[in-house]
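Peer 1: Just the structure for this:
(2 chains)
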Amino acid sequence: MSQLVADIHERCGADFVGSHEHRGDLTVVVRPAALLPLLSWLRDRSVDRYDFLADLCGVDGLHLDPFVMGSQSSLKASETGGLHIWPERFQVVYHLKSMGTGKRLRVKVPVPESNPEIDSISSLFAAADWAEREVFDMYGIRFRGHPNLKRILCIHSFKGHALRKDYFIKDQQWLLEDNEALMDELGDVGENADDGGFSELIPLNIGPAHPATHGVLRSLVKLDGEVIVKSVQEIGYLHRGFEKHSENSNWTQVVPYTDRLNYCSAMLNNVAYCRAVEKLLGIDVPPRTTAIRVIISEISRIIDHCVCLAACLVDLGALTNFWWLFALRERAYEALEGLCGARLTSTYVRIGGVADDLDALFIGRVRKLLAEMPAAMGDVLKLIEKNRIFLDRVKGVGVIDTRTALSHGWTGPCLRATGMAYDLRRAEPGSGYDGYDFDVATRPDGDSWSRLMVRFDEMIQSMRIIEQALDKLPAGPVLSDDRRVMMPNKEEVYSSIESLMNHFVLVYDGIKVPMGESYAAFEGANGELGFYTVSDGTGRPVRVRCRPPCFYLYSAFGRLIQGAMVSDAVAVLGTLNVIAGELDR
Amino acid sequence: MGVNTYYANRQGFFLTRLDQMTNGLTNWGRENSLWPYPFGTACCGIEFMGVVSNTHDVSRFGAELVRFSPRQADLLVVAGTITHKMAPVLRRIWNQMLEPKWCIAFGVCASSGGFYENYSVVQGIDHIIPVDVYLPGCPPRPEAFFEALMLLQKKIQQEKSGSHDVLRTPQMAHLRPDAGESR
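Peer 2: Down below sits the predicted model:
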């Protein structure tokens, strides 16, 4: 047992339930009473300083085998992957990370079904605010001391809790009453009690059907003239139940759903998800596959940044850039389409490999894209880099410092725009980017301008990575030969009974991921794209939790636009690159 | 248009019935200058950006003037998944558009809910508003949108004067007629 676990055990005393390590993830389970002091200690006084809350989610263990989990279990951690420590129906899972040492720690808190209530940690981490609301929405777990505990993704009149295992996936609930008002959250800001609640401030609703909110985001603001005094965000307009669908599919069937999380860079989601499942399975992919994944990930990153920059610039009135960046994007789509047959939603990556090998046509197209990119980016930069009108709208607008950004769970380009060189491609070994020569792009100011420019810088770095990957593309197969996830060759299926059975079982039952849980993070286009997966060995996931970077980015939006003008809010929103499919899942 | 071409070519004038001529002219004008309102919510919205961008260029069909005000648009392009939370918003946007107006359900999610058969997604926008053209695909390619647009243009060509409103009874299976109006 490591020193950290011993320390935690000593601090929590009787509230310590257990700990285990599975696939390199360290997990400690503590009772609710110990949660707040433990996390506070871990953040501020432990040796490693677990100062970053990567994610917070709930898990429902209703259908888990009682002989595996709970007190009856005589199984060991090695047999269950840690699932034997499951004393209550629900668990709230906290994924912590130490930014100093790069270590990760998972803290799990069992929550009883009879009284699902635990302490809120939103006083420790700003990121927990929305995440706890989501757990409340999905599981009905209440958080004591939460400032604003109400539903976040589902409609407010929703009966029941969608991610509980006993909620039937197709049980639709129509929004019949108009109770989506946000006025209660805005509160009595600016109202004069002596004057019968009269307010000089103007309430203004922005979105969800508004061009600058990209169709699905809604803010209600109170304005003093044109200055935003307070704002409230409403999300969930594109909540499509990704996590519920995942629990009702087998592991392979989840891949198409991941396409539609961040639909600007579907390949990245595929890669992140498949890596997470591979980690849980404990299998490695061939080196050629790793290189192919790097190439398609970086192309996706370029596409995502193109769309973000183009959309943001259009929102700010610069339409010409849109044409140039989208011409670039079309070139990239041409390449991806040749590879997998679809433009946006690729479903190209498989658990244990990729669907097809690269061909010369694809490589040629990518080389052409790389050749065209500098000119197109130069054209765009020429229009904006010294453009006074543009600079006035983005420089010094929506400033955030690194500390606040981290507290909100920011990662990716937006965090790097505050000057912190944190990139999972570099920070986490085994990400597939080992051996590539590239710089982690940063900008120091933390304003909208930095967030845009970091994306330009990253596109250049992505080009470098793709070039290197194409140059030293290893030969070999693109699929793992692990028979737990890969079907045998057709010749073998027709000639040997073992292969035939293997084929049959894989088709019939799907991939059977052994019992256990793991969290794997990947550098998505917007930041840390993590997948927390729990398997009970049946072939269907118990839980697939997507850690959406946008969700945490957008949770700081209200803070960013406070005191800014309405037009600044548009600029800030554009630079955050909030993709609703990922935000609302 | 019902024009007698003999007279039109030989004599410098032409004969037609008044209602036929105005009808044909109006339809011709309408079909070639559709102003779309892109109600883009999801992946399809990104592909709709591809439709209006330079490579595919929807202006070849006269429908490039994208309006974000329902008052100025006559073609509602619902590009993306519509959730129950969004449903009253969509209904309200549709109600705010002035007649004559048309609607294209861009992609399977808008057409039928797609593979999101779950608690939060409306299983096709025709539960809320009338649809003229259903466009399959997840998401549809820009070329597919052009086909949908041409189908719609054909439909507009054949519309009879005054029939527009009568033919299209909105199916209000679930939402109140005034849903989305009271906020």
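
Peer 1: hey, let's count contacts and neighbours off CA atoms from now on
Peer 2: Will do.

Peer 1: May I have the strands that pair with the helix or strand containing residue A:220, each with its orientation?
Peer 2: Remark: residue A:220 resides in strand A:218-224, with elements defined by DSSP states H and E. Using DSSP bridges, the neighbouring strands of strand A:218-224 in the sheet come out as strand A:202-206 (antiparallel), strand A:227-234 (antiparallel).

Peer 1: For residue B:78, find the nearest of the ones you listed.
Peer 2: Nearest of these to residue B:78, taken as C-alpha to C-alpha: strand A:202-206 at 19.4 Å.

Peer 1: which parts of that closest one are buried?
Peer 2: Taking 16 or more other C-alpha atoms under 10 Å in any protein chain shown as the neighbour-count basis, strand A:202-206 is seen to contain the buried residues A:203, A:206.

Peer 1: Using CSV, list the CA coordinates for it.
Peer 2: Output in CSV follows, covering the C-alpha atoms of strand A:202-206 (Å, rounded to 0.1, in the frame of the first residue of the first chain):
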residue,chain,number,x,y,z
ILE,A,202,-32.6,45.6,-18.1
PRO,A,203,-33.1,41.8,-18.3
LEU,A,204,-32.1,40.4,-21.7
ASN,A,205,-32.5,36.9,-23.0
ILE,A,206,-29.8,35.7,-25.4
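
Peer 1: centre of the chain versus that strand, how much separation?
Peer 2: Taking C-alpha atoms, centre = their mean, to the nearest Å, one finds the center of strand A:202-206 at 30 Å from the center of the full chain.

Peer 1: Outside of it itself, which residues are in contact with it?
Peer 2: When contacts are taken as C-alpha atoms under 8 Å, 6 or more residues apart in numbering or on different chains, the neighbours of strand A:202-206 outside the stretch itself are A:213, A:218, A:219, A:220, A:221, A:222, A:223, A:224, A:225.

Peer 1: One more: stretch A:335-346?
Peer 2: Counting by C-alpha under 8 Å, 6+ apart, the neighbours of stretch A:335-346 from elsewhere in the structure are A:256, A:259-260, A:263-267, A:296, A:333-334, A:347-348, A:355-356, A:358-359, A:361-362, A:365-366, B:43, B:47, B:138-139, B:141.

Peer 1: now do stretch A:499-508
Peer 2: Taking contacts as C-alpha under 8 Å, 6+ apart, the residues outside stretch A:499-508 that touch it are A:483, A:484, A:485, A:486, A:487, A:488, A:492, A:493, A:494.

Peer 1: how about a cut-off of 6 Å?
Peer 2: With contact meaning C-alpha atoms under 6 Å, 6 or more residues apart in numbering or on different chains, stretch A:499-508 is reached by A:487, A:492, A:493.

Peer 1: now that stretch: how far from the chain's centre is it?
Peer 2: Averaging C-alpha coordinates over stretch A:499-508 and over its chain gives two centres that are 33 Å apart (C-alpha atoms, centre = their mean).

Peer 1: May I see the buried residues of that stretch?
Peer 2: A:499, A:500, A:502, A:503, A:506.

Peer 1: Let me see the ranges of the strands in chain B.
Peer 2: Shown for chain B, the strands assigned by DSSP state E span residues B:36-40, B:75-79, B:102-106, B:133-135.

Peer 1: do the stretch 401-550 of chain A as well
Peer 2: A:516-523, A:528-535, A:541-547 (DSSP state E, counting those that start in this stretch).

Peer 1: and the next element down the chain from the helix or strand harbouring residue A:327?
Peer 2: Taking DSSP H and E as the criterion, residue A:327 maps to helix A:319-340. For helix A:319-340, the following helix or strand on the C-terminal side (DSSP H and E) is strand A:349-350.

Peer 1: neighbouring contacts of that following strand?
Peer 2: A:270, A:355.

Peer 1: and that strand, how far out from the chain's middle?
Peer 2: Chain-centre distance of strand A:349-350: 18 Å, with C-alpha atoms, centre = their mean.

Peer 1: That strand pairs with which strands?
Peer 2: The sheet places strand A:349-350 alongside strand A:353-354 (antiparallel), with pairing taken from DSSP bridges.

Peer 1: Give me the contact list for the partner strand.
Peer 2: The set of residues that contact strand A:353-354 without belonging to it, under C-alpha under 6 Å, 6+ apart, is A:285, A:289, A:478, A:479, A:480.

Peer 1: quick revisit: from the contacts of stretch A:335-346, which land in helices?
Peer 2: When these are checked against helices using DSSP state H, the ones located there are A:256, A:259, A:266-267, A:296, A:333-334, A:361-362, A:365-366, B:43, B:47.
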